[in-house]
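Student: build me a structure from this.
(one chain, ligands or ions: 1)
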Amino acid sequence: MLAGQTAIITGASRGIGKAVAYKLAEQGVKLSLIGSSEEIYTVKEELVQRGYEVLAFQVDVSSEEGVQQVVTETLKAFGSIDILLNNAGIGVFKTVEETNVEEWKRLFEVNVQGVFVCAKAVVPHMKARKAGTIITISSDVGRYTIPNGAAYTATKYAVQGFSGSLAQEMREYGVRVGTINPGMVDTYFAGGTQGVPEKQEWIKVDDVASAVVYMASAPKHLIIDEIVLHPLIQNYPIA
Ligand code: NJP
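Tutor: Numbers count the residues shown, from 1 in each chain. As a prediction, the model looks like this:
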């Protein structure tokens, strides 16, 4: 169903974004991958060696100029953009007292400005085509608060508000905007390591990638607004 489509995935060098890249490539989706480190080229090479059509860009998601260039190059190479996955994100988990203004600014630059810049860059194209899906990996803490992560939590609440408003703006153009809100996922997030025994019971990157495929491949008349995922072992508030 997704075969022949094109997706831009931010934060595809590792973790969730890399797993989505593999899953979409296996479904026949042409990929344009963004990461801020050189690692993004290694992921591209791995996928190209498997015979998939992939572009890669070492670009900071908060850079309007950099992201615009990705969109231009992607359209030149593949002709259209069907899916934008806003996935790149960083985490700082400290008390408010311990968090400094530089950390606060950088969290908002990457987690919020990055989502805005990437969405803004694809919107004219998707509106003109009257098609497209914009998915943002937000967080369970975009819906409820936790201690020792106020700055991060604030960015994810911002992302929820942004995505909701954008969804309403884009509805009349046939463009779907939704969020995937996972709890604890086994990745490299916030300086962690993927695959360590302590995270054995956490959500796997493939679980999140499957949710992306589900959301993106919904029939045209249907919008999946939000998917919330938790590991069974996570204790979280239920409304
Ligand atoms: O983290 P990680 P995840 N510009 O660290 C890239 C959310 N989430 O996969 O820049 C461009 O393994 C970075 O690549 P590079 C979370 O908030 C997670 O878990 O090359 N790219 C890497 O590919 C985030 O939104 C959990 O180093 C930038 C990727 O982002 C999303 O899941 C729970 C960048 C991060 O990979 C993916 O994070 C939750 C920039 N400025 C929500 N900065 C969880 N893991 O438990 C970073 O609720 N990247």
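Student: now the most centrally placed residue in the chain. Its backbone dihedrals?
Tutor: Geometric centre of the chain, nearest residue: N87, 1.8 Å, by C-alpha atoms, centre = their mean. Main-chain dihedrals, N87, degrees, to the nearest 10: phi -120, psi -30.
Student: ok, now how distant is it from the ligand?
Tutor: As judged by C-beta to the nearest ligand atom, to the nearest Å, N87 and the ligand stand 5 Å apart. Backbone N, C-alpha and C define where each C-beta goes, glycine included.
Student: and Y214, by the same measure?
Tutor: Counting by C-beta to the nearest ligand atom, the gap from Y214 to the ligand is 17 Å.
Student: what lies in contact with the helix or strand that residue falls within?
Tutor: Take DSSP states H and E as the rule and Y214 turns out to sit in helix 205-216. Helix 205-216 is contacted from outside by 2, 5, 7, 15-16, 18-20, 22-24, 27, 82-83, 85, 133, 135, 137, 178, 180, 182, 185-187, 194, 224, 227, 229, using C-beta atoms under 8 Å, 6 or more residues apart in numbering.
Student: who are the neighbours in contact with the residue lying closest to M215 once chain neighbours are set aside?
Tutor: Among residues not flanking M215 along the chain, I224 sits closest, at 4.7 Å (C-beta to C-beta, 6 or more residues apart in numbering). By C-beta under 8 Å, 6+ apart, the contact list for I224 reads 176, 178, 214-215, 218.
Student: assess the claim that T10 and V20 are in contact.
Tutor: No - using C-beta atoms under 8 Å, T10 is not in contact with V20; the gap is 10.2 Å.
Student: list residues touching both of the two?
Tutor: 85, 87.
Student: how many neighbours does F78 have?
Tutor: 20 (other C-beta atoms under 10 Å).
Student: still on that earlier bit, what residues of the helix holding Y214 count as buried?
Tutor: 205, 207-213, 215-216 (16 or more other C-beta atoms under 10 Å).
Student: also stretch 89-103?
Tutor: Applying 16+ other C-beta under 10 Å to stretch 89-103 flags 89-93, 99 as buried.
Student: same check on stretch 136-145?
Tutor: 136-143.
Student: same question for stretch 166-177.
Tutor: Under the neighbour-count criterion of 16+ other C-beta under 10 Å, stretch 166-177 has 166-167, 170, 175-177 buried.
Student: could you pull up the mean pLDDT of it?
Tutor: Summarised as a single mean, pLDDT over stretch 166-177 is 98.
Student: stretch 5-24 too?
Tutor: Rounded mean pLDDT across stretch 5-24 is 99.
Student: quick one on the thing from earlier: in strands, which of the contacts of helix 205-216 fall?
Tutor: 7, 83, 85, 133, 135, 137, 178, 180, 182, 227, 229 (DSSP state E).
Student: what bridges to the last one?
Tutor: Spelled out, it's L229. Beta-bridge pairing for L229 (DSSP bridges): P182.
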